Structures are given as C-alpha cells and as structure tokens.
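Trainee: Sharing a sequence plus its predicted fold:
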Amino acid sequence: MAVCCSASFVASGSKMRSVAFSPQTQRSTRCTAFAAPFYVSQKALMALMFSGIALIPILRKWLHVYENIEFLTPYMEKSRKCRLRGFVTSVGDSDNFRFRHEPFLRRWRRYVSTLGFLFAFDRKAAIKWRIGSKGVDAMSKNTIHVRLCGVDAPEGMHFGKSGQEGFKEAFKWMKETMDGKNVTIHLLRRDQYSRMVCQVLFRPHWFSPQHDLSLDLLEAGWGVVYKGNEAEYNGNLEMYEDAVNRAQEAKRGIWKNGTDIEGPQEYKRRIRKEK
C-alpha cells in the first residue's frame, strides 16, 4: 500500500473521494512548476535573438556614415534609388555644395544628448558643432561634393577671367538658402569631377513640404536647364523647363534684361577658346 503524504478531495457526482499524491508525484509537480518559466524565458530569448539578427541591416542603415564619395558602393551609384539624409556644410558655387551624411540614429543621438535644437538659431555654430573635431581642413575628406541635377548656374571666375553676370547674386541666393540646411540627396551618378549629381530635397521651414532645390533655383531665375552630356533630370525635365519659362516671363534673376543672354555652357566654351 502506497504511503500518502497529502490528499485532496475531488467531487464526483454527489460523493467526495480522496485522491492521494505520492512523494514521486509531488517532486514531478515541483519540477514542472520550476521548468515552466525557464522554458518561456528560453523562447523569449530565442525570439529576441532572431529579432536582433533581423534588425542588423536596419541599424546599419541608421548608424553607418558615408564619409565621402569613395565610401559609396557601386550599387548605390547605379541603382538610382538611394537617398541619403544629412546637412550642407558649405556652399562652394551657385549649383554645388558640400554635404555631410548624418543617418537617423546619429542625428537624434546628437540632438538629445547635447540639446542640439538650441543651435537652430545660429547656423554657423550648428555646422561647427556638428562636424565636431574634424575641422574645416578635413571637410573635403568627410563630406560628399554634390552637384545639382538638371541645372546650370552662372559661372564664377575661372582662369583669371571675371565671372558671368549674375554669378554673385546666384551664389548669394544659394548660400542664404542652403548653408547649414538639412537636406535629402537622391543619388543619380558620379561626374568626371568626382562630384555626385543629385536631386536635392529640402524644407525651407520646419513644417513646410519638401522642395526640389533645382526647381527653386530655376524659379528664382538663377540658372538654366543643363543640356550637356549625361544630363540628369530624374524625370523632371518638363517641370524644370516650365520653371525657366515662368522666371523669364517675370524677368527674375538673370532674365531681368531679357532672354538674350550668354548661358553658362556658352560662356565656358568661349573661355576655353580664349585661353
């Protein structure tokens, strides 16, 4: 006869019967109760591990910085689908600038850890702070040289020749509009000067919709549609031409004295012949 160490009563119809538990049954019950949370935590750990593996590409995208054009992969340059988020460190000409890539997690880490929103009132201070200890001398090694797609702006001084009429005004417009701005660049191709030809999107104000910088430049009258070899429009050629027509009708920018002007391409050809 088995020795009973505990008993419980189970209802069966109108009678109550005693059910005895042996020491072996009690030990089995205690082991099952102990193993259950361990089994659950093991499943949770496995799920967490696989989730972490799945997040690696996303975290890499949100953390990895493309320091300069040499860091871009062939796929990024040829797919025509890649976009990078960052800010303008300097404006070097009327239609190009230096871009510092700043992915999502790095951008918000800086804002939160140093209250970066306070720098919104001083763009120059913001740029100096955001570049960090790399300094202006190392800017070319830590930025991507961006050329606007689809446009050609008045040329500055080259080979000792004076710049085109309208260059100073176009350069001033570009600097005031873009210096220190947060931008998104849509990579299209690399040109012969190791610049990345891009469609550039930006917000003039915090809550305004995104603007195409090439379109805004043409609307302001500070450029023409570029028609050279390997010109890039990203499907916006007709829109760019309409913007030029509107600027000409309103006599804005370089069109203030009419449409009979020497374009940037014609200017460069003439300068080459005079050398």
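Mentor: Yep, it's here.

Trainee: Find the nearest non-adjacent residue to Gln164, please.
Mentor: Closest residue to Gln164 apart from its sequence neighbours, by CB to CB, 6 or more residues apart in numbering: Pro154 at 4.0 Å. For every residue, glycine as well, the C-beta is placed using N, CA and C.

Trainee: What are the neighbouring residues in contact with that neighbour?
Mentor: Taking CB atoms under 8 Å, 6 or more residues apart in numbering, we find Pro154 in contact with 94, 163-167, 170, 222-223, 254, 264, 267.

Trainee: can you redo those as CSV with secondary structure, distance to Ser79 and neighbour count?
Mentor: Formatted as CSV, the contacts of Pro154 follow (DSSP: H, G, I helix; E, B strand; the rest coil; distance: CB to CB, whole Å; neighbours: other CB atoms under 10 Å):
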residue, secondary structure, distance to Ser79, neighbour count
Ser94, coil, 29, 29
Gly163, coil, 36, 16
Gln164, coil, 35, 24
Glu165, coil, 40, 14
Gly166, coil, 36, 22
Phe167, helix, 35, 21
Ala170, helix, 32, 27
Trp222, coil, 31, 27
Gly223, coil, 27, 31
Ile254, helix, 35, 26
Pro264, helix, 29, 24
Tyr267, helix, 34, 20
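
Trainee: Adding pLDDT, write those out as CSV.
Mentor: CSV is the format used below for those (pLDDT from 0 to 100):
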residue, pLDDT
Ser94, 92
Gly163, 78
Gln164, 87
Glu165, 88
Gly166, 90
Phe167, 93
Ala170, 96
Trp222, 96
Gly223, 96
Ile254, 95
Pro264, 89
Tyr267, 88
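
Trainee: Touching, Phe202 and His211? I think so.
Mentor: Yes. Between Phe202 and His211 there is a contact under CB atoms under 8 Å: 5.9 Å.

Trainee: okay, those two: which has more neighbours?
Mentor: Phe202 (19 against 15; other CB atoms under 10 Å).

Trainee: For beta bridges, what are the partners of the more buried one?
Mentor: Beta bridges link Phe202 to Val183, His211 when assigned by DSSP bridges.

Trainee: quick one: it from Val88, how far?
Mentor: For Phe202, the distance to Val88 equals 9 Å [CB to CB, to the nearest Å].

Trainee: intersection of neighbour lists for the two?
Mentor: Here Phe202 and Val88 share the contacting residues 178, 181, 183, scored by CB under 8 Å, 6+ apart.

Trainee: possible to save the residues you listed as a markdown table with distance to Gly235?
Mentor: Shown next, in a markdown table, are the shared contacts of Phe202 and Val88 (distance: CB to CB, whole Å):
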| residue | distance to Gly235 |
| --- | --- |
| Met178 | 23 |
| Lys181 | 24 |
| Val183 | 19 |
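
Trainee: Take those residues and write them to CSV, including neighbour count and distance to Asp242.
Mentor: Shown next, in CSV, are the shared contacts of Phe202 and Val88 (neighbours: other CB atoms under 10 Å; distance: CB to CB, whole Å):
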residue, neighbour count, distance to Asp242
Met178, 20, 23
Lys181, 17, 25
Val183, 21, 23
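
Trainee: Just give me the closest of the residues you listed to Ala250.
Mentor: The shortest approach to Ala250 among the shared contacts of Phe202 and Val88 belongs to Met178, at 22.2 Å (CB to CB).

Trainee: Quick check, the closest one in contact with Val88.
Mentor: Yes. In this structure Met178 lies within contact range of Val88 using CB under 8 Å: 4.9 Å.

Trainee: got any residues that touch both of the two?
Mentor: By CB under 8 Å, 6+ apart, the residues touching both Met178 and Val88 are Phe97.

Trainee: mean confidence for stretch 140-150?
Mentor: In this model, stretch 140-150 carries a mean pLDDT of 92.

Trainee: An error on my part: the question was meant for stretch 226-246.
Mentor: Mean predicted confidence for stretch 226-246 is 94.

Trainee: pull the CA atoms of that stretch into CSV?
Mentor: Only the C-alpha atoms of stretch 226-246 are listed here, as CSV (Å, rounded to 0.1, in the frame of the first residue of the first chain):
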residue,chain,number,x,y,z
TYR,A,226,21.5,72.0,-68.2
LYS,A,227,21.6,70.3,-71.7
GLY,A,228,25.2,68.9,-71.7
ASN,A,229,26.4,65.3,-72.0
GLU,A,230,24.9,62.9,-69.5
ALA,A,231,22.5,65.5,-68.2
GLU,A,232,20.3,64.2,-65.3
TYR,A,233,16.8,65.3,-64.6
ASN,A,234,15.3,62.3,-62.7
GLY,A,235,12.2,62.6,-64.8
ASN,A,236,11.7,66.4,-64.1
LEU,A,237,12.9,67.9,-67.4
GLU,A,238,9.5,69.3,-68.4
MET,A,239,8.9,70.8,-64.9
TYR,A,240,12.3,72.4,-65.0
GLU,A,241,11.7,73.9,-68.4
ASP,A,242,8.3,75.3,-67.3
ALA,A,243,10.1,76.9,-64.3
VAL,A,244,12.6,78.7,-66.6
ASN,A,245,9.7,80.0,-68.7
ARG,A,246,8.0,81.4,-65.7
